[in-house]
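In: A predicted structure for the sequence below; I have some questions about it.
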Amino acid sequence: MEQSKEERRTESIECKYAERMKKLKELHLKRNEARQLNHKEVVEEDKRNKLPANWEARKRRAEWILDDEKNREEAVKNGEDYDRIKLLNIEASEAEKLERRKKKKNPDQGFADYEQATVRQYNRLIKNIKPDMDDYYRKRERLGEAFYGGPNTILHGLHVDKKDDIDRMVNDLEKQISKREKYSRRRTHNDDADIDYINDRNMKFNKKLERFYGQYTTEIKQNLERGTAV
């Protein structure tokens, strides 16, 4: 029995409706998936923004250290000299750079700010300290909470400094004083220099003039001193 036009029309409409509903469902799924991906990316970006500025460099450094230790262990197992193998794979320019770093006596790049200067000083001091952990634990057990020195703790008399510690502190202070004297920026007075000023302010002004215009006025000065100036 053949379908009537109305039945065929209804069936066609239902098929189109089902197809549209299927497409709409697919669009909803894609939208939800995109929303989840965007949310995940926002979370990851927020994490990256909260990381330190040198995080990538630190990460690469950590990965390099792990790889270096792994390669060293493999070389030891194979009975090979890892340092020699590593040097064979380093370019000449890089090897020279490493050698200059080793020979550099003063790694301090100069004053940046007081915080960095304090950190460098602290790191330098702790390198010379060899802590006695047994004595540390004994004192902590004997003093209890007073060992950490809270706001209501009277520290006087709790700790007795050892003579070796005092001597080490004195030696370090003497070294600092000696270093400051060696690198002092104070300029001594030169008695043989020509006096062409009437006070310190005029002396500084004359030095500035000499620095900027000295190369142009040298001949004029010489002629004035000889009395041959026109």
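Out: Right, received. Where do you want to start?
In: only C-alpha atoms from now on, for both contacts and neighbour counts.
Out: Noted.
In: what domains does the record give for the protein?
Out: 2-50, 53-85, 199-229 (the TED database).
In: and the lowest mean pLDDT element among the helices and strands of the chain?
Out: Using mean pLDDT, DSSP states H and E, helix 92-103 stands out as the lowest-scoring helix or strand of the chain, at a mean of 73.
In: can you pull out the helices in this structure?
Out: Ranges of helices in the chain, per DSSP state H, are 5-50, 55-77, 82-88, 92-103, 114-127, 133-143, 163-182, 200-226.
In: residue 192 is nearest to which of these?
Out: Between residue 192 and the helices of the chain, the tightest spacing by CA to CA is seen for helix 200-226, at 15.1 Å.
In: in this protein, what spans have low per-residue confidence?
Out: Across the chain, the ranges flagged by pLDDT under 70 are 1-4, 51, 102-112, 149-150, 153-157, 183-189, 191, 229-230.
In: quick one: the residue nearest the centre of it and residue 60, what's the gap?
Out: Residue closest to the average C-alpha location in the chain (CA atoms, centre = their mean): residue 54, at 7.7 Å. Separation of residue 54 from residue 60 (CA to CA, to the nearest Å): 10 Å.
In: and residue 81, by the same measure?
Out: 25 Å.
In: hang on, the earlier thing: looking at the helices of the chain, which is nearest to residue 193?
Out: Proximity to residue 193 (CA to CA) singles out helix 200-226 among those, at 11.8 Å.
In: and the helices of the chain as JSON lines, adding mean neighbour count?
Out: As requested, the helices of the chain are exported to JSON lines (neighbours: other CA atoms under 10 Å):
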{"stretch": "helix 5-50", "mean neighbour count": "12"}
{"stretch": "helix 55-77", "mean neighbour count": "12"}
{"stretch": "helix 82-88", "mean neighbour count": "12"}
{"stretch": "helix 92-103", "mean neighbour count": "11"}
{"stretch": "helix 114-127", "mean neighbour count": "11"}
{"stretch": "helix 133-143", "mean neighbour count": "11"}
{"stretch": "helix 163-182", "mean neighbour count": "11"}
{"stretch": "helix 200-226", "mean neighbour count": "12"}
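In: of those helices, which is nearest residue 190?
Out: helix 200-226 (12.9 Å).
In: quick one: distance of the closest one to the chain centre.
Out: 45 Å (CA atoms, centre = their mean, to the nearest Å).
In: and it, what does it pack onto?
Out: Applying 3 or more CA pairs under 8 Å, 6 or more residues apart in numbering; DSSP states H and E, we find helix 200-226 packed against no helix or strand.
In: about what we covered before: now the residue nearest to the centre of the chain. Its backbone dihedrals?
Out: Main-chain torsions, residue 54, degrees, to the nearest 10: phi -100, psi 30.
In: same check, this time on residue 195
Out: phi -100, psi 110.
In: make 33 the starting number, not 1.
Out: Renumbered: residue one is now 33, and that last one reads residue 227.
In: what about it, how many residues nearby?
Out: 8 (other CA atoms under 10 Å).
In: relative to residue 251, how far out is it?
Out: Distance from residue 227 to residue 251, by CA to CA: 19 Å.
In: and if you look at residue 126?
Out: 50 Å.
In: from residue 256, how far off is residue 60?
Out: Applying CA to CA, the value for residue 60 to residue 256 is 96 Å.
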